[in-house]
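# sequence first, then the predicted structure:
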Amino acid sequence: MIPRRNVGIEPLWKIRARLWARSLRKNWGLFWESRIGPLGLAIILFFVLLMVAHPILMATVWDPRVYDPVVGFDRAMVGRHPAPPSWAHPLGTDPIGRDILSQLMWSTRSEFALGVTSALITVVIGTFIGAVCAYFGGVVDTFFMRLADLVMLFPFIALLMVLRSIVTLDLWRLALVMGVLSGFGGITIILKAQALTVKVKPYIEAAKVAGGSAFHIIRRHIVPNIMPLSFLYMMFNVTGAVFTEAVLSYFGLLDIRMSWGIMIHTAESAGYLGAFGQYWWLWAPPGAAITLLCFAFYLVGRGLDTVVNPRLRKR
């Protein structure tokens, strides 16, 4: 007998790549139709440009002795700080003589690092715990659901303030603490509810009959189906992390070199925040940056909601 040749049969990876590309185009179309999603994405890209431009400006245009966001000082303007916006300092200087624009741009990297790291930890923990609770139920489900209720019971910022009196919170420790607390909180309940709708699907029973282990079913069937919702709530968690850091920095509770919250704290501790309109450049740029970045991630989350939730799509 002449062996048959597999003529015209594509490799499995090519089929998966084509299906993934088709799904990506469809979801991007739904995301673009939301209008608010692309607007939020544009604002995020603007902050990314600020973050990338700062080290370039420091290496080519700005004198580090004047424009360093932490130790810089404009000696040519001694006695006139905080100085209003000018050609040399487009957003003015703070009470210590440091450039506001340089601080604003440099702090963007800290806000992104904190927000994204905290949100990733939250989503990883919440997705895994939610899937495990939905699959096993019983004592495991009861324990983690009551733990989520306990975490949600305490005021989040007040809890971090108490924790600050015990340990020193820098950027990465704060991201870890917020990520863990949020991961065992309300997101676990939401993702568990989504995982329960996946657990009753026929292919889950088929995987059990075929001899698939619990870990295999959770990893290959349940988690991938709740990941879109996890990514959606990741956007909202970035917003919460940035806002929480700004509040704690304003009260001087974080060991961070520079951030938008510290910029407002500097103006307040020097007594200039009371002159709300006269020294507007001390609080308006960092306040607007916090508001815009939180608003941008919220808009992206709402845009992704139209992709995840079919009821929100245009008919």
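Sure, I can see it. Numbers count the residues shown, from 1 in each chain.
# what about the helices in the stretch 1-150 of the chain?
12-33, 36-60, 64-67, 100-136, 138-153 (DSSP state H, counting those that start in this stretch).
# any chance of the ones you listed in a markdown table, plus mean neighbour count?
(Each C-beta comes from the backbone N, C-alpha and C, glycine too.) Shown next, in a markdown table, are these (neighbours: other C-beta atoms under 10 Å):
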| stretch | mean neighbour count |
| --- | --- |
| helix 12-33 | 12 |
| helix 36-60 | 15 |
| helix 64-67 | 16 |
| helix 100-136 | 22 |
| helix 138-153 | 14 |
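# wait, which of the ones you listed is closest to residue 262?
Nearest to residue 262 among these is helix 100-136 (7.8 Å), distances taken as C-beta to C-beta.
# by how many degrees do that closest one and helix 138-153 diverge?
150 degrees (axes from the mean of the first three to the mean of the last three C-alpha atoms, to 10 degrees).
# burial count for residue 222?
For residue 222, the neighbour count with other C-beta atoms under 10 Å is 26.
# ok so, going back, can I get the helices of the stretch 1-150 of the chain in JSON lines with distance to residue 94?
Output for those, formatted as JSON lines (distance: least, C-beta to C-beta, whole Å):
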{"stretch": "helix 12-33", "distance to residue 94": "39"}
{"stretch": "helix 36-60", "distance to residue 94": "17"}
{"stretch": "helix 64-67", "distance to residue 94": "12"}
{"stretch": "helix 100-136", "distance to residue 94": "6"}
{"stretch": "helix 138-153", "distance to residue 94": "37"}
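# closest to residue 228 out of the ones you listed?
helix 12-33 (8.6 Å).
# and the closest one, what does it pack onto?
helix 36-60, helix 284-308 (3 or more C-beta pairs under 8 Å, 6 or more residues apart in numbering; DSSP states H and E).
# those helices: lowest mean pLDDT?
Mean pLDDT is lowest for helix 284-308 among these, at a mean of 90.
# run through the neighbouring helices and strands of that one.
Using 3+ C-beta pairs under 8 Å, 6+ apart: helix 284-308 touches helix 12-33, helix 36-60, helix 100-136, helix 223-250, helix 260-269.
# now the angle from it to helix 100-136?
30 degrees.
# what comes up buried for helix 284-308?
285-287, 289-290, 293-294, 296-308 (16 or more other C-beta atoms under 10 Å).
# still on that earlier bit, turn the helices and strands packed on helix 12-33 into TSV, columns for distance to residue 194.
Shown next, in TSV, are the helices and strands packed on helix 12-33 (distance: least, C-beta to C-beta, whole Å):
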stretch	distance to residue 194
helix 36-60	21
helix 284-308	9
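# which of the ones you listed sits closest to residue 242?
That would be helix 284-308 among these, by C-beta to C-beta, at 5.5 Å.
# leaving out sequence neighbours, find the closest residue to residue 279.
Using C-beta to C-beta, 6 or more residues apart in numbering and skipping the chain neighbours, the partner closest in space to residue 279 is residue 272 (4.5 Å).
# contacting residues around that neighbour?
82, 95, 279, 282 (C-beta atoms under 8 Å, 6 or more residues apart in numbering).
# contacting residues for the last one?
For residue 282, the set of contacting residues under the criterion of C-beta under 8 Å, 6+ apart consists of 82, 92, 94-95, 100, 263-264, 266-267, 272-273.
# now do the residue lying closest to residue 110 once chain neighbours are set aside against residue 34, distance only.
Nearest residue to residue 110, sequence neighbours excluded (C-beta to C-beta, 6+ apart): residue 259, at 5.2 Å. Computed as C-beta to C-beta, to the nearest Å, the residue 259 to residue 34 distance reads 31 Å.
# so between the two, which is more surrounded?
Per other C-beta under 10 Å, whichever of residue 259 and residue 34 has more neighbours is residue 259, with 27 against 21.
# contacting residues around the more buried one?
Residue 259 makes contact with 107, 110-111, 245-246, 249, according to C-beta under 8 Å, 6+ apart.
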